[in-house]
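Novice: what follows is a predicted structure for the sequence shown.
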Amino acid sequence: MKTLIFILLAATASAQRPPNVVIIFIDDMGYADIGPFGATAYKTPNLDRMAAEGMRFTDFLVPTAVCSASRSALLTGCYHRRIGIAGALGPRAKIGLSADEVTIAEVCKQKGYATACYGKWHLGHHPKFLPLRHGFDDYFGLPYSNDMWPLHPRYAHLPKNAVERKQGYPPLPLIEGDKVIDSEVTGEEQAQLTTQYTQRAVRFIGENKDRPFFLYVPHTMVHVPLFVSDKFKGKSGAGLFGDVVMELDWSVGQILKALKDNGVDKDTMVVFTSDNGPWLSYGDHAGSAKPLREGKGTMFEGGCREPTIVRWPGRVPAGSTCDELASTIDLLPTIAALIEAKPPSHKIDGKDIRPLLFGAEGARSPHEAFYCYYGGGQLQAVRDRQWKLHLKHRYRTMAGKPGGSGGSPNPYSQAEIGLSLFDLKNDIGEQHDVIGAHPEVAARLMKHVERARQDLGDKLTKRQGSGRRPVGRLGPDDKRLVW
């Protein structure tokens, strides 16, 4: 009954005024990189306040632990495997998010929302793939990761005229709308990106305070190479990584202040999360996923479980914690329900998590199973609210070795895990394989493995999957982005 009451209250509120939605999406942030999830080496007062005034989600997943694929899932409510986005798209990519997919921005446009994206897009850099073609009214940011430039660690040490460096990444462009406004972003300019994204976000809130809006802020940081503005340089006392996180925390504070200053604080749901876990090979320029296992580039929990906070004064219970399984793919259907918009007509994988958001008594995860794909379409694990079954696969690991320092990585080792079962409620670090003690759980999850392979395929077993849709492709007559 309480669940029904919460949902009815949500519907009533949306009928009075559709809520604004702000999604702050960090790049490569580890589970333990902010105060509400255990960071102590530097301060994150605005995120601490956001958690005190909202809800921490301690079991919030991304479907895969790499940039483009994770972002496609967030915006479409689908497993990345379903919509053809894998890995991290680079400057030479000729694919992107298909026009047939429906984004959160497009769902919001049904209800007359103003929409904007300020930050890293990474779902195709040519005009037909950029945010303006996917429901956003305004865009400013980098088209892909900030290390995809001539100073990538693989090339930075080489002479400027070295063949390898010339064959590496081109200059990094900055885009406004669908046009390049800076064809060669420098390190000094990267140091201003967090500030610039924040300023644009604040301005957008002020300009649209009298109408509903959807604001998506996918920050460039804390992806390496790390850059920070002078106002936070050296401020943390915990090195450059700490400085960068403190500046991101400042950005959160500026957005929350803008909501209050413009009188829309109580009308706005703010979501803070990340695209995947920390890039551990970078050592002191990477964060921490403790107590989780591994990090970015793996489907252990350290790669795909993200520090997540949702704040909506008067709606999301203040100072609360949700330990139920939820995911970025749940945001689209939940937002659609909140604003009474039609969800996409094609199949999506996310679920409506309003009962979890509103703290309904006895609310449980709507996911019977959650699929963990990586490595160009390999199904590596399947999990539910408690159990996680890893299938045999290889993965990268630091194997106890330290990461690099000063922005240069140390190499990963390759390891292999066999068919293994972990009880995440009692072993969050995935250290103790209990498949021998719980064969019935493994057998139940194997049925979901078969369902995943039928629907989405599996590279390892060479199955294509009947539920996959085509990725967007650049045609011969499509305009190219030139910089």
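Specialist: Perfect, thanks for sending it.
Novice: what packs against the top helix by length along the chain?
Specialist: Longest helix of the chain, by residue count under DSSP state H: helix 239-261. Packing contacts for helix 239-261, counted by 3 or more C-beta pairs under 8 Å, 6 or more residues apart in numbering; DSSP states H and E, involve strand 20-26, helix 45-52, helix 193-207, strand 213-218, strand 268-274. Bear in mind the C-beta positions are built from the backbone N, C-alpha and C, glycine included.
Novice: how far off centre is it?
Specialist: From the chain centre to the centre of helix 239-261 is a distance of 18 Å (C-alpha atoms, centre = their mean, to the nearest Å).
Novice: which positions in that helix come out as buried?
Specialist: Of all the residues in helix 239-261, those buried under the rule 16 or more other C-beta atoms under 10 Å are 239-256, 258-259.
Novice: can you tell me what sits against the helix or strand where Arg81 lies?
Specialist: Secondary structure assignment for Arg81, by DSSP states H and E: helix 80-83. Contact partners of helix 80-83, identified using C-beta atoms under 8 Å, 6 or more residues apart in numbering, comprise 63-64, 68-70, 72-73, 76, 86, 97-98, 101, 347, 349, 371, 373, 377, 455-457, 465, 467-469, 471.
Novice: the nearest residue to Leu424 once chain neighbours are set aside: which element?
Specialist: Excluding the flanking residues, the one nearest Leu424 by C-beta to C-beta, 6 or more residues apart in numbering is Lys388, at 5.5 Å. According to DSSP H and E, Lys388 maps onto strand 387-390.
Novice: run the chain-centre distance for that strand.
Specialist: Mean C-alpha position of strand 387-390 versus that of the full chain (C-alpha atoms, centre = their mean) differs by 22 Å.
Novice: and for Lys290, the neighbour number?
Specialist: Other residues lying near Lys290 total 15 when counted by other C-beta atoms under 10 Å.
Novice: helix, strand or coil for it?
Specialist: Per DSSP: H, G, I helix; E, B strand; the rest coil, the local secondary structure of Lys290 is coil.
Novice: so for it, what's the nearest residue that isn't a sequence neighbour?
Specialist: Once flanking residues are discounted, Lys290 sits nearest to Ala32: 4.8 Å by C-beta to C-beta, 6+ apart.
Novice: burial count for Glu450?
Specialist: Counted with other C-beta under 10 Å, Glu450 comes out at 12.
Novice: Trp483 now?
Specialist: Trp483: 18 neighbours (other C-beta under 10 Å).
Novice: downstream of the host helix or strand of Ile309, the next helix or strand is which one?
Specialist: Using DSSP H and E, the element containing Ile309 is strand 305-311. Using DSSP H and E, the helix or strand that follows strand 305-311 towards the C-terminus is strand 320-322.
Novice: gap between the next helix or strand after that next one and the chain center?
Specialist: Using DSSP H and E, the helix or strand that follows strand 320-322 towards the C-terminus is strand 326-327. In terms of C-alpha atoms, centre = their mean, the centre of strand 326-327 is found 11 Å from the chain centre.
Novice: does His393 touch Gly418 like I think?
Specialist: No: using C-beta atoms under 8 Å, His393 makes no contact with Gly418, being 9.0 Å away.
Novice: so the two - more neighbours on which side?
Specialist: Between His393 and Gly418, counted using other C-beta under 10 Å, the more crowded position is His393 (20 against 10).
Novice: wait, what's in contact with that one?
Specialist: With C-beta under 8 Å, 6+ apart, His393 has these contacts: Tyr374, Gly375, Gln378, Gln380, Glu416, Ile417, Leu460.
Novice: so which one among these has the lowest pLDDT?
Specialist: Ranked by pLDDT, these bottom out at Gly375, which scores 86.
Novice: on that earlier part again, give the rounded mean pLDDT of the helix holding Arg81.
Specialist: Here the average pLDDT along helix 80-83 is 98.
Novice: over to stretch 320-340?
Specialist: pLDDT averaged over stretch 320-340 gives 98.
Novice: chain center to that stretch: distance?
Specialist: Per C-alpha atoms, centre = their mean, the centroid offset for stretch 320-340 relative to its chain is 14 Å.
Novice: quick check: end-to-end length of it?
Specialist: Stretch 320-340 has an end-to-end distance of 26 Å (criterion: C-alpha to C-alpha, to the nearest Å).
Novice: before we move on, what about stretch 312-330?
Specialist: Stretch 312-330 end-to-end distance (C-alpha to C-alpha) = 17 Å.
Novice: may I see the buried residues of that stretch?
Specialist: Buried, per 16+ other C-beta under 10 Å, within stretch 312-330: 312-313, 315-317, 320, 322, 324-330.
Novice: and the helices and strands packed on helix 239-261 as JSON lines, adding mean neighbour count and mean pLDDT?
Specialist: Listed next are these as JSON lines, based on neighbours: other C-beta atoms under 10 Å; pLDDT from 0 to 100:
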{"stretch": "strand 20-26", "mean neighbour count": "25", "mean pLDDT": "98"}
{"stretch": "helix 45-52", "mean neighbour count": "20", "mean pLDDT": "98"}
{"stretch": "helix 193-207", "mean neighbour count": "20", "mean pLDDT": "98"}
{"stretch": "strand 213-218", "mean neighbour count": "27", "mean pLDDT": "99"}
{"stretch": "strand 268-274", "mean neighbour count": "25", "mean pLDDT": "98"}
